[in-house]
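>>> here you go, sequence then predicted model.
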Number of protein chains: 2
Amino acid sequence: MNNLIKEYKTAINNRLNIVYPNGPKLLKEPINHILKGGKRIRPILCMLVNNACGGRKEDSIDVAVSIELLHIFSLVHDDIMDADVLRHGIQTIHKKWNNSIAILSGDAILALAFKGLNTSPNLIKQKFNSALIAVCEGQALDIEFQDLENISLEQYFNMINLKTAYMLGLSAEIGALISTQDSLITNNFKKIGLLLGKVFQIQDDLLEVTSDSKIMGKSLSSDILLNKKTYLMIKAESKYPGELDRIYKENYKDLDILKVKMVDFLDTNNIFEETKDYINSIFNEIDRLLESCNIRNSNILDLINFIRIRKS
Amino acid sequence: MNNLIKEYKTAINNRLNIVYPNGPKLLKEPINHILKGGKRIRPILCMLVNNACGGRKEDSIDVAVSIELLHIFSLVHDDIMDADVLRHGIQTIHKKWNNSIAILSGDAILALAFKGLNTSPNLIKQKFNSALIAVCEGQALDIEFQDLENISLEQYFNMINLKTAYMLGLSAEIGALISTQDSLITNNFKKIGLLLGKVFQIQDDLLEVTSDSKIMGKSLSSDILLNKKTYLMIKAESKYPGELDRIYKENYKDLDILKVKMVDFLDTNNIFEETKDYINSIFNEIDRLLESCNIRNSNILDLINFIRIRKS
C-alpha cells in the first residue's frame, strides 16, 4: 500500500484508540469496540487532499478523525435500523450489547466528533453540521423507499447523494479548505469526493450481492428482507418489471435459495455487467476531473485505485 | 404567568415551529410532532439570565432554541431506551412511528441544534459539546445503575448531575456568557442552573410517584419495571434495606397493586416528606446564592417559583 496512506491510516487509528479512554463502562466498552473496525477511507481522503494542497498532517488530523467519528456514529445507528449484526467483520454494538447501548454509544461518538472540532474554523464546523443533516435525511429516504414499490434512478441517486456521497464530498472539500482558499480547487475536490461517494455506494450494492458475508462483513439478507432499493434492484426492475417480485414471492420462505435465485437472475440478465460498466464510467469521470484541473496527485490516485479494486 | 417568561416561551415556540419545515416526510412529521410539547424551562432560563445580565432577546434566542433542541434530542432517545409511550402528554416518536424513526429523528434534532449555533462564539459551541457528552454519560450511568442492587446517594447525584443538571447549568451559564465577561456572575449562574437541575430531577422522581400519568405525561411503570434508581428509592433502601425488593417480589405480577403498595410504603415511612424537605433545602440554597451575589432578578425568581410549585 502507498506509504502516505499507510502513515495516515496509522495516525487516524492511533487517535481513535485514545479518543474515549475514560467514562461509564457502558459507553467506553462499546465505543472502543466499534472504533476498531473500518477502512478509514473518508479521513484518509481528507488528509491526502490536504497534503495535495500543501497542508501538513497536523493541519488535517483533527478534522479527519472527526469525519471518521461522524461516519461511525451513522453506521452504529443505521445498523440498529437495518438489524445488521456485522460491520467490518466485527459484531455491531446493538448485537453485542443491545439497542439502548447502541443508540447511546452512537450519540456519544457523535459528541466526540464535535468535540474534536473545538479548535477548527467556523466554516468547517458549519459544513460538518450540514453533512450531519444530509446523512440523517439520506437514511430517512432509504427507509421511506423500503415501503415504495418502485424507485427511479433519480430518486436513488438523490438518496445516496445524501446518505453516502455527501460525507465523501465533505471529506475532500474540507481537506482542501484547510490549506487553500482557491475555490476552483476546493470545489473540484468536493465534486471528486461526491463522485467517489456515489461510486462507493454502488460498489457496496454490487459487493453485497457478489461477495460472501465473510469478506463483506455484512450480508445480503437484511437488504432483501428490508426491501432495500439498490442500484442493481432498480436496474433490474426497470428492465424486467415485476420479475424480482416474482422471484421473491416464489422463494421468500428459504432465504438461501432466494439469494441464489436472485443472484442468478441478476447475472443472467447482465445486471452485474451493466453495474460494473456504470462504476467504471464514474471512475473515468473522476479521472477526467482530476486531469482537467491539474490535481492528478499520485497519492490520491492510489486511494482511488484502492477503492476501485476493493473487494470489501 | 410572568410577562417576560410568556414572551420568551412564545418566541421559542415560534422558532421551533419553523426549525424544520422541509425534508423527508419520515423526519419532518415526527420532528414537528415532538417539538410541540414541553415547558421550555432550559431556553427560558437561558434567556432570562441573559436578560438579567443586560442582554437582548435577539442575543440569546438562537442559543436558547439550540439548547431546547439538544434537550429534546436526548428525550427522544431516552424514551426509546426506557420504552416510555408518553412525553409531555403526547405520544413518543418510537410509539407513534417506530424505533428506527425515533433514532433518526433524534439524530436530526441534534443536527438542527448544532446548525442553530452556526454563528455563536466558539466558547459556547465548546460548552455545548461538553454538555452533549455529559448527557450521554448520565444516561449511560442511569442504565448501568439499573443492574445494580444498591446505589449510594453520591452515585445518584453524580448521575443526575450529568444527565439533568449539567444542561440547566449550561443554560444559565451560557445566558450569562452571551452578555457579560464577569466570571463571578457566569459561575454563580452556572451553580444556580446546576442546583435547579438537581432539584428538577428529584421533583421528577417525586412527581412520578405522586401524580397520575395524565398530569405528568408519563407513568411510574417504566421506572419500576426498569429498576430505575430514584432519590425516593435510594432513600427508602438506605432506611429500610430489602423492603422495596420484598414489596416488588410479592406484587410484581400486578403492576397496579405494586404501585399502590409502593406508594403506601413510601408515604407511611415518611419518604415523601423527607424528599419534599430535601427539595425545599435546595431551593433555599438557590435563594441564598442569588442573594449573596446580588443577582436576585424578579423574572428569574418567577421562573424558579414556577419550577418550585410545578405539578408536572
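Cool, the structure landed. Numbering: from 1, shown residues only, chains lettered A, B, ... in the order given.
>>> which positions within the helix or strand in which A:Asn51 is found qualify as buried?
Using DSSP states H and E, A:Asn51 maps to helix A:41-52. Buried positions in helix A:41-52, judged by neighbour count with 16 or more other Cβ atoms under 10 Å in any protein chain shown: A:41-52. No exception for glycine: its C-beta is placed from N, CA and C like everyone else's.
>>> tally of neighbours for the spatially closest residue to A:Asp79 that is not a sequence neighbour?
Spatial nearest neighbour of A:Asp79, excluding adjacent residues (Cβ to Cβ, 6 or more residues apart in numbering or on different chains): A:Thr92 at 4.3 Å. A:Thr92 is flanked by 25 other residues according to other Cβ atoms under 10 Å in any protein chain shown.
>>> circling back: mind putting the buried residues of helix A:41-52 in TSV, distance to A:Arg310 and pLDDT included?
Formatted as TSV, the buried residues of helix A:41-52 follow (distance: Cβ to Cβ, whole Å; pLDDT from 0 to 100):
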residue	distance to A:Arg310	pLDDT
A:Ile41	9	97
A:Arg42	14	98
A:Pro43	17	98
A:Ile44	13	98
A:Leu45	14	98
A:Cys46	18	98
A:Met47	19	98
A:Leu48	16	97
A:Val49	19	96
A:Asn50	23	97
A:Asn51	21	96
A:Ala52	21	94
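>>> how many neighbours does A:Asn188 have?
Neighbour tally, A:Asn188, other Cβ under 10 Å: 20.
>>> can you tell me how far it is from chain B?
Note on A:Asn188: its distance to chain B, by Cβ to the nearest Cβ, to the nearest Å, is 25 Å.
>>> show me what contacts the closest residue to that residue other than its chain neighbours?
Among residues not flanking A:Asn188 along the chain, A:Cys293 sits closest, at 4.5 Å (Cβ to Cβ, 6+ apart). Applying Cβ atoms under 8 Å, 6 or more residues apart in numbering or on different chains to A:Cys293 gives the contacts A:184-185, A:188.
>>> restricted to helices, list these.
When the contacts of A:Cys293 are checked against helices (DSSP state H), the matches are A:184-185, A:188.
>>> could you dump these to a markdown table with distance to B:Ile80 and pLDDT?
A markdown table is the format used below for those (distance: Cβ to Cβ, whole Å; pLDDT from 0 to 100):
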| residue | distance to B:Ile80 | pLDDT |
| --- | --- | --- |
| A:Leu184 | 46 | 92 |
| A:Ile185 | 44 | 93 |
| A:Asn188 | 42 | 94 |
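>>> give the rounded mean pLDDT of the following helix or strand past the helix holding A:Asn51.
Using DSSP H and E, the helix or strand that follows helix A:41-52 towards the C-terminus is helix A:57-82. Averaged across helix A:57-82, the pLDDT comes to 97.
>>> and stretch A:250-270, by the same measure?
The pLDDT scores in stretch A:250-270 average 89.
>>> next, the buried residues of it.
A:251, A:258-259, A:261-263, A:265-266.
>>> repeat that for stretch A:157-171.
Applying 16+ other Cβ under 10 Å to stretch A:157-171 flags A:157, A:159-171 as buried.
>>> returning to that earlier point: hmm, the residue nearest to A:Asp79 is touching A:Asp78, no?
No: if you go by Cβ atoms under 8 Å, A:Thr92 and A:Asp78 don't touch, sitting 9.6 Å apart.
>>> mutual contacts of the two, please.
A:Asp84.
>>> quick revisit: now tabulate the buried residues of helix A:41-52 in TSV and tack on distance to B:Asn22.
Output for these, formatted as TSV (distance: Cβ to Cβ, whole Å):
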residue	distance to B:Asn22
A:Ile41	30
A:Arg42	27
A:Pro43	31
A:Ile44	34
A:Leu45	30
A:Cys46	29
A:Met47	34
A:Leu48	35
A:Val49	31
A:Asn50	33
A:Asn51	38
A:Ala52	36
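>>> so A:Asp147 versus B:Lys249, what's the distance?
45 Å (Cβ to Cβ, to the nearest Å).
>>> actually, A:Ile257.
A:Ile257 is 49 Å from B:Lys249, by Cβ to Cβ.
>>> in three-state terms, label A:Lys39 for me.
coil (DSSP: H, G, I helix; E, B strand; the rest coil).
>>> wait, what's in contact with it?
Applying Cβ under 8 Å, 6+ apart, the residues contacting A:Lys39 are A:88, A:310.
>>> residue with max distance from the center of chain A?
Each residue of chain A has a distance to the centre, and by Cα atoms, centre = their mean the biggest one is for A:Glu250: 32.6 Å.
>>> which stretches of the stretch 51-200 of chain A form strands?
A:86-87, A:90-91 (DSSP state E, counting those that start in this stretch).
>>> show me the shaky parts of the stretch 101-250 of chain A.
A:212-226 (pLDDT under 70).
>>> and the contacts of stretch A:144-163?
A:134-135, A:137-139, A:141-142, A:194, A:197-198, A:201-202, A:226-229, A:231, A:234-235, A:237-238, B:24-26.
>>> A:Gln203 against A:Ile279, yeah?
Yes: if you go by Cβ under 8 Å, A:Gln203 and A:Ile279 touch, sitting 6.1 Å apart.
>>> would you mark the buried spots in stretch A:289-304?
By neighbour count on 16+ other Cβ under 10 Å, the buried set for stretch A:289-304 is A:289-290, A:293, A:295, A:299-304.
>>> first to last residue in it, what's the distance?
End-to-end distance of stretch A:289-304: 13 Å, with Cα to Cα, to the nearest Å as the criterion.
>>> stretch A:250-260 too?
Note: stretch A:250-260 ends 13 Å apart using Cα to Cα.
>>> again, but for stretch A:290-305
First residue to last in stretch A:290-305 (Cα to Cα) measures 13 Å.
>>> which residues touch the most centrally placed residue in chain A?
In chain A, the C-alpha nearest the mean C-alpha coordinate belongs to A:Thr164, at 5.0 Å (Cα atoms, centre = their mean). Counting by Cβ under 8 Å, 6+ apart, A:Thr164 makes contact with A:138, A:197-198, A:200-201, A:204.
>>> among the residues you listed, which are in helices?
A:138, A:197-198, A:200-201, A:204.
>>> contacts only, for A:Ile178.
So A:Ile178 contacts A:50, A:53, A:55, A:59-60, A:63, A:124 (Cβ under 8 Å, 6+ apart).
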